[in-house]
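Asks: With the sequence up front, the predicted model follows.
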Number of protein chains: 2
Amino acid sequence: MRVSELARRAGVPLSAVKYYQREGLLPAGVRTAPNQVAYGEAHVQRVRLIRALLETGGLSIAATKDVITALDADAAPLAETFRVAQHAMSARRTQESAPSEAARARVEALAASHGWCVTSDNPGVEAAARALDGLRAIGFDAPDAYLDAYAAAAAAAAAADLRALSGRGGRDAVAELMVVGTVLGDPLFAGLRRLAQQDATHDLFPTPETERTQP
Amino acid sequence: MRVSELARRAGVPLSAVKYYQREGLLPAGVRTAPNQVAYGEAHVQRVRLIRALLETGGLSIAATKDVITALDADAAPLAETFRVAQHAMSARRTQESAPSEAARARVEALAASHGWCVTSDNPGVEAAARALDGLRAIGFDAPDAYLDAYAAAAAAAAAADLRALSGRGGRDAVAELMVVGTVLGDPLFAGLRRLAQQDATHDLFPTPETERTQP
């Protein structure tokens, strides 16, 4: 198929496909004539994947490139692909300062108390520690019960992620879900948390005048 | 105190404080002499809050301004402050396209099946629906069990948020935690999910060579 058909099939504007090409995110098509290049089903899949990472996941072009390179390295162990995906989300905000040592230690202690076997270079340590620093800046020193509730919720989501992975067949399909699931699970959870928060605070702030989705 | 002392006390570079001032995020100090302006404790708190929203929360300047304006509107009901905070995180990625109607409907049905009382303009619907579209783009049509696990985890986090709020005294302290907790709960959860994922996939990809935090 031509590039216009590729864009249509993937459901993205032609300008987006050309942008992905310019940024080196899309593998070349097959040249069938001096002025014509043909693309296949794999390109359609790849365009959708790039869009999901860039738009919904909010990854930078550079992070998206890292993730895609890891996915394409067929010989690479899945663990390496997974590590790259975990780091990609964290590379998003390079202007951030390092979290405090106290917050870092608290996150590591929390992981240990939940029996998690994790490496200290896991980018989740920094991300969670930075959030604790931010909460502390407004005078909220998160109590253990608060962190335990979040850790238990995170464990439940991770278990669901793992069950989803084990239901996929083939190395490529597993790797793809591992990467995209890591990236998109964040906005999925964040969105659902907004909804659950509105429900939880419903008694505090009744909103009788607005339309509701009733159970 | 002077601006240099303000920066030191808040633990941010002086250039950052000046940047916040230029962007209109920081209320003016009290002019004590033609060339001298004094800042108080409230300014220290405010600088810390701005930094947490911008850096850790990843909010834009415009979204941060909205949140701060809502916080400062003492007369505004807490529900309005909360609504602004919920929307601020969503305003972050304006280049995103709208999610599919099918994904939207699925999220609303999920909320209903969990008995959540939510309005359809809750930005969580769009965020979660967009993530579902992204997962679908790689051929992963999230099964009900997967979404239920995420919804249950979100409800547990929201309940912890509510308990934290009820432990705070005073309208300002409650409003501040409501806003910052909404924004920073996302990276806190995302970080912990990275850790839980590493633990959950540990049996799939043993990493004997790297250092681990043992329980």
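Replies: Everything's here; your move.

Asks: so what's the one residue sitting closest to the centre of chain A closest to, chain neighbours aside?
Replies: Centroid-nearest residue in chain A: A:Val183, 0.9 Å away (criterion: CA atoms, centre = their mean). Leaving aside its sequence neighbours, A:Val183 sits nearest to A:Gly57 (CB to CB, 6 or more residues apart in numbering or on different chains; 3.8 Å). All C-beta atoms are positioned from the backbone trio N, CA, C, and that covers glycine.

Asks: Tell me which residues touch the one you found, please.
Replies: A:89, A:180, A:183-184, A:186-187, B:134 (CB atoms under 8 Å, 6 or more residues apart in numbering or on different chains).

Asks: JSON lines please, covering those and showing pLDDT, secondary structure and distance to B:Tyr39.
Replies: Formatted as JSON lines, those follow (pLDDT from 0 to 100; DSSP: H, G, I helix; E, B strand; the rest coil; distance: CB to CB, whole Å):
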{"residue": "A:Met89", "pLDDT": "66", "secondary structure": "helix", "distance to B:Tyr39": "36"}
{"residue": "A:Val180", "pLDDT": "85", "secondary structure": "helix", "distance to B:Tyr39": "46"}
{"residue": "A:Val183", "pLDDT": "85", "secondary structure": "helix", "distance to B:Tyr39": "41"}
{"residue": "A:Leu184", "pLDDT": "90", "secondary structure": "helix", "distance to B:Tyr39": "42"}
{"residue": "A:Asp186", "pLDDT": "90", "secondary structure": "helix", "distance to B:Tyr39": "36"}
{"residue": "A:Pro187", "pLDDT": "89", "secondary structure": "helix", "distance to B:Tyr39": "37"}
{"residue": "B:Gly134", "pLDDT": "88", "secondary structure": "helix", "distance to B:Tyr39": "45"}
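
Asks: any chance of those residues in JSON lines, plus distance to B:Ser4?
Replies: Listed next are the contacts of A:Gly57 as JSON lines, based on distance: CB to CB, whole Å:
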{"residue": "A:Met89", "distance to B:Ser4": "36"}
{"residue": "A:Val180", "distance to B:Ser4": "47"}
{"residue": "A:Val183", "distance to B:Ser4": "41"}
{"residue": "A:Leu184", "distance to B:Ser4": "44"}
{"residue": "A:Asp186", "distance to B:Ser4": "38"}
{"residue": "A:Pro187", "distance to B:Ser4": "39"}
{"residue": "B:Gly134", "distance to B:Ser4": "46"}
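
Asks: from those residues, which single one is nearest A:Ala155?
Replies: Closest to A:Ala155 out of those is A:Asp186 (15.6 Å), distances taken as CB to CB.

Asks: By mean pLDDT, which helix or strand of chain A comes out lowest?
Replies: The helix or strand of chain A with the lowest confidence, counting by mean pLDDT, DSSP states H and E, is helix A:78-90 at a mean of 76.

Asks: is it up against chain B anywhere?
Replies: Yes. Against chain B, helix A:78-90 shows contacts by CB under 8 Å from any CB of the partner chain at A:78-79, A:82, A:86, A:89.

Asks: which residues are in contact with that helix?
Replies: A:53, A:57, A:59, A:63-64, A:66-67, A:69-71, A:73, A:122-124, A:126-127, A:171, A:174-175, A:178-179, A:182-183, A:186, B:190, B:194, B:197-198, B:201, B:204-205, B:207.

Asks: Could you pick out the buried ones from those residues?
Replies: A:53, A:57, A:59, A:63-64, A:66-67, A:70-71, A:122-124, A:126-127, A:174-175, A:178-179, A:182-183, A:186, B:190, B:194, B:197-198, B:201, B:207 (16 or more other CB atoms under 10 Å in any protein chain shown).

Asks: how's chain A carved up into domains?
Replies: As recorded under automatic domain parsing, the domains making up chain A are A:1-56, A:77-198.
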